[in-house]
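Participant: Provided below are the primary sequence and the corresponding predicted coordinates.
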Amino acid sequence: MSEPKRVDRRKFIYAGLGAVALIAIGAAAYVAMNPPVVTQTTTVPTTSVVTTTVPTTSVVTTTVSTTTSPTTSQTTTPTTSTTTTYKPTTIEFWSTFLGGGNNLPREQMLNMLVDILKNEQPWLKVELADKPYGEFPDRLLAACLAKNPPHVACSMWMWDPNFVPFFMEITDEMLEKIGVSKEDYEPVQWDINLWDGKLLGLNTQIDVMGLMWHKGLANEAGIDRPPETWEELADFSKKITDYFHNKGQTDVYGYNLCLRYNHGNTIFRFMPVVWAYGGSIMEITDGGEVKVTINSQGVIDAVNLYVRIYQKDKSCPPTAFDDTADQGNNYFMMNKVAYVIQHPASVDSILNQGFPLSKMGYDLYPKGPVRRAACMGGWNLHFFKDRIKTKEELEASLVFAKYFLSPELNAIWSKALGPGTKRALQTSIWQDEIKLKPWRRVQLEMIKYVIPFPRHPKWTEIALLVIPKMLQSACSGDMTTEQAVKWAEEQIKEKLKG
Amino acid sequence: MKERRAQYYLPTLILIFFLTGYPIAYVMVLTFFKLDMLTLEYKFVGLNNLYSIITSPETYITLENTIIWTIVTTLGSLLLGLSCALMLNREKIRFKSVFSCLLFIPYAIGYVEAGYLWLTFTNPIYGIFNHILKGLGIISTTNISFFTNRWTALGIVMLAQIWKHFPFMMIMLLAGLQSIRKELYEAAKVDGAGTLTAFFNITLPQLKPALFLSLLLMLIWNFNSFTLVWVITRGGPYGMTHIFSTKIYELAFTSFNFGAAAAFSEFVFLVVFIISMVYLRIAKIEV
């Protein structure tokens, strides 16, 4: 074996000096190309005057009032013009916006936003990072724990306080710079971002669902209206299932029951039933005291409804334990399922895939003996204190948010789910959307029935693991409803103990 | 000469320390702490995390699943891979390259896509799996869901994993088979050895190095695998199809119990380390 060649000391020193010189030249060139200070005039996009009337078309059967969505609006956002001196600043923004489908409006909006910023705010560079929808919270949490979150993120959950320590509090001064206020939002949109009296996010789009129903299947089974109550939904489901099974079509079912373990769809579809029957999982007092209320008649009734649909009537697909709402969409389009709790954007998506409008129904959630209720999802804009370290980064983040939440851009962004600010709803973009797609009004109507999830750090675990396990145990018959609810109560108490 | 060697391996050692040593050490420290997500404060809890893991019945279900999963998927991939490799190694087979490419497809497909593919296959309403079983007379109705029962759900995920991994085994073993000298078979034939005798006395002994290496890799990959279980079942029904990797992920990102997840990870690390050591020792003796 030959001896390794020795490194000549002089050559080594020369090489090191050469590398240092190269770095110095590179740095000088970079500074020369990026002057440290520019003077910039800020102009916020304006909103056009809108005058619209909202028609009702056949897709929506239930009488829907338009209290939330003004039928006639005249809105102008004042053009603000300020001259500010900023250093060139780059901020990182995370969201989900690629891949077409529901992401398309978001992608379009971000492209527009980048173009506008390039022209109007050349000192501000935004690095856009698209993160997969399903993995977004996990990736963001990992980044936060590693103290390397983005400066700003638009995230799609509204019920997880585990991110609280990472969010920057949005002060009145910041709100003023962004150009939004409490009055721009529905109370529930604003309150959902409050934690301990501090504002930690700004809603960019609200997400409230409705009941999508297959008029073709329902009509054939002799049903010509959407179910008014959850009991009626179970009745209609059974009627449709029996009708088609008797005809030999044993793969047609009534309701898309989502029971998938560790999946958000399950809890988002179960909680409205619980609330409709007057139940709740846990209640948190103003003093922060938590009372576990799951073992109550309302929850037992709600679980019994699920047991009836799954076990007794067998009026949901046998894949319910693994089903999500997306699977429900597939079944719906294949004429295999009649009722799916879905976002209005899914109605768009299904119709775009050639599903006939004449067979599409979209109405309010059924109500229970106590009330009609809905969960609220949606997306929020957050600022991260571990990343926004300098005054420039804060200014850049606020300017970015100002554009992001400007009525027109927010209207484009929020078209994928539901309106963000009230001013976005009043733009011609949203009003045209409502005119063109009347099922959007169902969503606006449902906002007043929204009940927020309990805000507790253990809620995610309870919602994704305990509740689905309780439902699966009851539906499979491994436990009676009472046993399953009791088991869940013990589990929740155990988890709250930490 | 000896003292200068440090300049060659020190940078690598430093790199390894930061990339591997630091995370492992961090996970070990995390085992003794509980992270309060609201205040981001680490609270020392001693051995509580380990204790809660050891006393939880879910741990033993997960352990049982992981052992079954690792053995079945590794052996399944081995048998299928070896069969295909033997088939492709035959001289008289036609369209060998076409078959090789087709058989390699599952390995080329992404894990998430493969997961959704198997969800589609096994869907009782529009999937093909039920129809095949019905055609074979194994079931009488097409409306059977495999994901309502622990064992059928685990069975489907294991099948998907075997399907996904056998091409790797096949390619490795095919390379091993092609390196065996043909003279050995010719000599055996002259001595009157049959196909089976040749297989057990020539093919298998000659294949040992490739076999041991691929088995070790497959064992570790299967033990650590995550994606297919996560995509297909997410640990359901009732959290009964978790294997270690999915359970750790659930503990960390659904329960936000990073200490318990760290304790679980250490346990897995220890198991993989022991298996690898024992296996390498055996392989060293055998090969």
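Facilitator: Right, received. Where do you want to start? Predicted model only: the values in this text are computed from it and were never measured. Numbers count the residues shown, from 1 in each chain, chains lettered A, B, ... in the order given.
Participant: Around chain B, which positions in the stretch 301-450 of chain A sit nearby?
Facilitator: A:317-322, A:330-331, A:334, A:336 (Cβ under 8 Å from any Cβ of the partner chain). All C-beta atoms are positioned from the backbone trio N, CA, C, and that covers glycine.
Participant: What about residue A:358, how many residues nearby?
Facilitator: Counted with other Cβ atoms under 10 Å in any protein chain shown, residues neighbouring residue A:358 total 11.
Participant: Now do the helices in the stretch 251-400 of chain A.
Facilitator: For the stretch 251-400 of chain A, the helices defined by DSSP state H, counting those that start in this stretch occupy A:264-276, A:297-307, A:325-333, A:344-352, A:391-404.
Participant: quick one: which of those is nearest residue B:189?
Facilitator: Residue B:189 lies closest to helix A:325-333 among the helices of the stretch 251-400 of chain A, at 56.6 Å (Cβ to Cβ).
Participant: And the residue nearest the centre of chain B?
Facilitator: residue B:222 (1.0 Å; Cα atoms, centre = their mean).
Participant: Excluding chain neighbours, give the residue nearest to that residue in space.
Facilitator: What sits nearest to residue B:222 in space, not counting adjacent residues and going by Cβ to Cβ, 6 or more residues apart in numbering or on different chains, is residue B:73, at 4.6 Å.
Participant: contacting residues around that neighbour?
Facilitator: B:158, B:161-162, B:165, B:218, B:222, B:225 (Cβ atoms under 8 Å, 6 or more residues apart in numbering or on different chains).
Participant: re the thing from before, which of the residues of the stretch 301-450 of chain A next to chain B sit farthest apart?
Facilitator: A:321 and A:334, at 19.5 Å, using Cβ to Cβ across these.
Participant: Which one's more surrounded, the two?
Facilitator: residue A:321 (28 against 13).
Participant: okay but that one is in contact with residue A:262, surely?
Facilitator: No: Residue A:321 is beyond contact range of residue A:262, at 11.8 Å (criterion: Cβ atoms under 8 Å).
Participant: Leaving out chain neighbours, which residue sits closest to the residue in chain B that chain A sits nearest to?
Facilitator: Of all residues in chain B, residue B:236 sits closest to chain A, at 2.9 Å by Cβ to the nearest Cβ. Nearest residue to residue B:236, sequence neighbours excluded (Cβ to Cβ, 6+ apart): residue A:261, at 2.9 Å.
Participant: Would you enumerate the residues in contact with the closest residue to chain B within the stretch 1-150 of chain A?
Facilitator: Closest residue of the stretch 1-150 of chain A to chain B, Cβ to the nearest Cβ: residue A:138 (4.6 Å). Contact analysis of residue A:138 by Cβ under 8 Å, 6+ apart lists residue B:253.
Participant: quick one, whichever strand or helix holds it and helix A:264-276 angle?
Facilitator: Element membership for residue A:138, per DSSP states H and E: helix A:136-145. If you take axes from the mean of the first three to the mean of the last three Cα atoms, to 10 degrees, helix A:136-145 sits at 100 degrees to helix A:264-276.
Participant: buried residues in helix A:136-145?
Facilitator: The neighbour-count check on helix A:136-145 (16 or more other Cβ atoms under 10 Å in any protein chain shown) flags A:136-137, A:139-141, A:143-145 as buried.
Participant: Likewise for stretch B:98-112?
Facilitator: Buried residues in stretch B:98-112, defined by neighbour count with 16+ other Cβ under 10 Å: B:100, B:103, B:106-107, B:111.
Participant: now the residues you listed in a markdown table, with secondary structure?
Facilitator: Shown next, in a markdown table, are these (DSSP: H, G, I helix; E, B strand; the rest coil):
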| residue | secondary structure |
| --- | --- |
| B:100 | helix |
| B:103 | helix |
| B:106 | helix |
| B:107 | helix |
| B:111 | helix |
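Participant: Closest one of those to residue B:281?
Facilitator: Nearest to residue B:281 among the buried residues of stretch B:98-112: residue B:107, at 29.3 Å, using Cβ to Cβ.
Participant: any idea whether residue A:147 is helix, strand or coil?
Facilitator: What three-state DSSP gives for residue A:147 is coil.
Participant: How about the contacts made by it?
Facilitator: residue A:386.
Participant: go on, residue A:383?
Facilitator: Neighbour list for residue A:383: A:151-152, A:167-168, A:170, A:174, A:394, A:397, A:401 [criterion: Cβ under 8 Å, 6+ apart].
Participant: Likewise for residue B:231?
Facilitator: Counted by Cβ under 8 Å, 6+ apart, residue B:231 has contacts B:111-112, B:115-116, B:119.
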